[in-house]
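**Q** Coordinates only, no sequence provided:
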């Protein structure tokens, strides 16, 4: 059984000063029929020494300090080897320091092998006065009488040193506190919970528990098409709730300052680091809920975020989940304050939550939502949100005040935009906040009504749109149907159709983003272009789709362009970082060739938005036919029904099922090759 984030076995050190009750608690565990003792092996210091030194503890005591350290190191290495073979978990009771009678002070006995071997350490931080009484009343062992104040100092030094060692060596650390005697059942209960958790938890189980949380958050919402996925701290509100939580520490507390900052600065934002953060919260379990209440009252959500989440309640096709690396309970209380209890929170904080949320887990949640065929719209502010933003269909980077926002986000954002193709918009909250990067690299937007309408748009309706009955379409299609037009003139007519369809329909499907332009009055002003235009690829279905595709390209000058007759014609590098692929063809008859192209595209890029742009679409191609036969192909119609990110835009829908040939074939007319048929 391996430790979290490591290949080494789970070796748990149960530390505490002499007389604190380690042996008593171990015996209680062994007597508890509900405790899975078959998975654990228990050792104490003398047992370990007996395994290494012939003659046991008495011989060991006569050794010099260097020899004793060698024995201790060999003993714990043997335990590690045994656990690897037996797949059991070791619990070793011991001390970091022993009392030196001659010097009348503590003496450190930890070894480098300890720090290389231990995966977890539990410290029994019991009241020094209680420990003094236990030492005095214990008739089984003869102990020197040590003043209570020195016992307290011994505890503090041992615990501080252990915390430092554990952070330095990536060992998970927690403590159990107690102020009464005899040992309370609560201490045994907490120890049992910790040991069972250490036995069971790993990254695979963590991801599985998150999957269950996603299932609960989406259960019963049968009309869902879009899921908003939002970070919490510094995204929904400017506050960092973790920092607020630890500001409430008593100055005399054994946990000082902001312990989360120390963990993450030392160990990074790993699974193990977030597990350590959870163990810190477990140390203040008795006051956890009260602290969460106080923190929640200090959080002031951005009004724009409140409005966004309130609208979710009115729109059954849109859901929202908060996915936070912070404290789930705090954000549940904040949402309750704002009347937003309909929003689920996926986050940790306590062992009872069953999981921790990391940056990778946020990306995993986005994947899970995509598995449910949901469009994912993500909001985040820090490097921990990058995977979520990168995998979302629409990504918004929330930008706060320079004094409080993530200082490392600019560098990370620039890298993922330029090298991994992230396409995102930035939202300044508050509106006075200075933007990140430059507005060409990370365009801006505001959460106004138009942007909210785009976020909340329905994907299942109007995925086939056409201009058949519009006067503008009648004028455009006249030039394409006129037998007098061929070659260059006909290609220009198709080009104008491509421009029209892009302006009239693609702008609604893809959306727009603000850009800064120079006004004729010699001042900067806002302009617009297609949203994530650089993340768009235009593919003319050769050869008939090329002229119309050039028209689309004229109004999307930053989009990529790649010719193809079949999917395999396109170099896969063209798809890197693309959010939208526009397939352009002059005529869609049965939809067979388009269906084959889209299937291959979906197999490799399942989440990209696909828009089919055509001059004419036969009605039967987009409607599932009940009648079967060799000329009936329902694949494209079924794709259009089932794929929420597949759209068809046409100048005209035709009820006339006719396949051109020679002088009536559009491709031949476009390129003066009618004689080839």
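**A** All right, it came through fine. Quantities reported herein were computed from a predicted structural model and do not represent experimental measurements.
**Q** So which residues of the stretch 501-650 of the chain form helices?
**A** 507-510, 546-555, 592-604, 635-642 (DSSP state H, counting those that start in this stretch).
**Q** Repeat that for the stretch 1-150 of the chain.
**A** For the stretch 1-150 of the chain, helices defined by DSSP H, counting those that start in this stretch occupy the ranges 22-31, 45-52, 56-61, 65-86, 112-117, 128-137, 148-169.
**Q** I'd like these as CSV, with distance to residue 604, mean neighbour count and mean pLDDT appended.
**A** The way it works is simple: take the backbone N, C-alpha and C, and place the C-beta from them, glycine included. CSV is the format used below for those (distance: least, Cβ to Cβ, whole Å; neighbours: other Cβ atoms under 10 Å; pLDDT from 0 to 100):
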stretch, distance to residue 604, mean neighbour count, mean pLDDT
helix 22-31, 53, 16, 88
helix 45-52, 56, 17, 86
helix 56-61, 65, 13, 87
helix 65-86, 41, 15, 90
helix 112-117, 44, 17, 92
helix 128-137, 64, 17, 83
helix 148-169, 43, 17, 90
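**Q** Please name whichever of those helices is nearest to residue 449.
**A** Residue 449 lies closest, by Cβ to Cβ, to one member of the helices of the stretch 1-150 of the chain: helix 148-169, at 48.6 Å.
**Q** How about residues contacting the closest one?
**A** Applying Cβ atoms under 8 Å, 6 or more residues apart in numbering, the external contacts of helix 148-169 come out as 15-17, 95-97, 99, 104, 106, 108, 110, 115-116, 118, 121, 123, 125, 128-129, 131-132, 146, 171-173, 175, 254, 262-263, 266-267.
**Q** Give me the buried entries from those.
**A** Buried by 16 or more other Cβ atoms under 10 Å: 15-17, 95-97, 99, 106, 110, 118, 121, 123, 125, 128, 131-132, 146, 171-173, 175, 254, 263, 267, out of the contacts of helix 148-169.
**Q** Take these and keep only those in strands.
**A** 15, 97, 99, 106, 121, 123, 125, 172, 173, 175 (DSSP state E).
**Q** pLDDT below threshold where in the stretch 501-650 of the chain?
**A** Residues of the stretch 501-650 of the chain that meet the criterion pLDDT under 70 lie in 626-632.
**Q** shaky segments in the stretch 201-350 of the chain?
**A** For the stretch 201-350 of the chain (pLDDT under 70), the answer is 251-252.
**Q** Which helix or which strand is home to the nearest residue to residue 442 once chain neighbours are set aside?
**A** Distances taken as Cβ to Cβ, 6 or more residues apart in numbering put residue 426 closest to residue 442, at 4.9 Å, once the chain neighbours are dropped. Per DSSP states H and E: residue 426 is located in strand 425-428.
**Q** quick revisit: would you format the helices of the stretch 501-650 of the chain as TSV with mean neighbour count and distance to residue 249 included?
**A** Below are the helices of the stretch 501-650 of the chain laid out as TSV (neighbours: other Cβ atoms under 10 Å; distance: least, Cβ to Cβ, whole Å):
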stretch	mean neighbour count	distance to residue 249
helix 507-510	19	50
helix 546-555	23	59
helix 592-604	16	52
helix 635-642	18	54
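**Q** Report pLDDT for residue 418.
**A** Looking at residue 418, its pLDDT reads 91.
**Q** Spatially nearest residue to it, not counting backbone neighbours?
**A** Residue 418 sits nearest to residue 441 (Cβ to Cβ, 6+ apart), 7.8 Å away.
**Q** got the contact list for the most centrally placed residue in the chain?
**A** Most central in the chain under Cα atoms, centre = their mean is residue 362, positioned 0.8 Å from the mean C-alpha point. The contact partners of residue 362, by Cβ under 8 Å, 6+ apart, come to 229, 231, 323, 325, 380, 384, 385, 387, 388.
**Q** Surely it is in a helix?
**A** Yes - counting by DSSP: H, G, I helix; E, B strand; the rest coil, residue 362 is found in a helix.
**Q** Verify the stated contact: residue 357 with residue 274.
**A** Yes - at 7.0 Å, residue 357 counts as touching residue 274 under the criterion of Cβ atoms under 8 Å.
**Q** Tell me the residues that contact both of the two, please.
**A** Here residue 357 and residue 274 have 325, 348 as joint contacts, going by Cβ under 8 Å, 6+ apart.
**Q** hang on, the earlier thing: what does the model give the residue nearest to the centre of the chain for pLDDT?
**A** If you check residue 362, the pLDDT there is 98.
**Q** coming back round to it: can you lay out the helices of the stretch 1-150 of the chain as CSV showing distance to residue 368?
**A** Listed next are the helices of the stretch 1-150 of the chain as CSV, based on distance: least, Cβ to Cβ, whole Å:
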stretch, distance to residue 368
helix 22-31, 37
helix 45-52, 45
helix 56-61, 54
helix 65-86, 34
helix 112-117, 36
helix 128-137, 48
helix 148-169, 32
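**Q** and the residue nearest to residue 418, which of the three is it?
**A** The three-state assignment at residue 441 reads coil, by three-state DSSP.
**Q** I'd assumed residue 414 was in contact with it.
**A** Yes - counting by Cβ under 8 Å, residue 441 does reach residue 414; the two are 6.9 Å apart.
**Q** what's the spacing between residue 549 and residue 73?
**A** Residue 549 sits 71 Å away from residue 73, taking Cβ to Cβ, to the nearest Å as the criterion.
**Q** What of residue 511?
**A** Distance from residue 511 to residue 73, counting by Cβ to Cβ: 63 Å.
**Q** who's in contact with residue 541?
**A** Residue 541 is in contact with 564, 565, 583, 584, 585, 593, 594, 597, counting by Cβ under 8 Å, 6+ apart.
**Q** tell me the phi and psi of the second one?
**A** I take that to be residue 565. phi -110, psi -40 (degrees, to the nearest 10).
**Q** What separation do you get for the nearest residue to it once chain neighbours are set aside and residue 605?
**A** Nearest non-adjacent residue to residue 565, counting by Cβ to Cβ, 6+ apart: residue 542, 4.6 Å away. According to Cβ to Cβ, residue 542 and residue 605 sit 20 Å apart.
**Q** Show me which positions of stretch 470-490 end up buried.
**A** Buried, per 16+ other Cβ under 10 Å, within stretch 470-490: 473, 476, 477, 479, 480, 485, 486, 490.
**Q** Let me have the residues you listed in a markdown table, adding secondary structure and distance to residue 283 as columns.
**A** Putting the buried residues of stretch 470-490 into a markdown table (DSSP: H, G, I helix; E, B strand; the rest coil; distance: Cβ to Cβ, whole Å) gives the following:
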| residue | secondary structure | distance to residue 283 |
| --- | --- | --- |
| 473 | helix | 69 |
| 476 | helix | 71 |
| 477 | helix | 73 |
| 479 | helix | 76 |
| 480 | helix | 74 |
| 485 | coil | 80 |
| 486 | coil | 81 |
| 490 | helix | 77 |
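**Q** from these, which two are the most distant?
**A** Greatest spatial distance in those: 473 and 486, 21.0 Å, computed using Cβ to Cβ.
**Q** Quick one: closest of the helices of the stretch 1-150 of the chain to residue 634.
**A** Nearest to residue 634 among the helices of the stretch 1-150 of the chain is helix 65-86 (57.4 Å), distances taken as Cβ to Cβ.
**Q** okay, the angle between the closest one and helix 45-52?
**A** Interaxial angle, helix 65-86 versus helix 45-52 (axes from the mean of the first three to the mean of the last three Cα atoms, to 10 degrees): 80 degrees.
**Q** tell me which strands and helices helix 65-86 is in contact with?
**A** If you count contacts as 3 or more Cβ pairs under 8 Å, 6 or more residues apart in numbering; DSSP states H and E, helix 65-86 packs onto strand 11-15, strand 40-44, helix 45-52, strand 89-94, helix 112-117.
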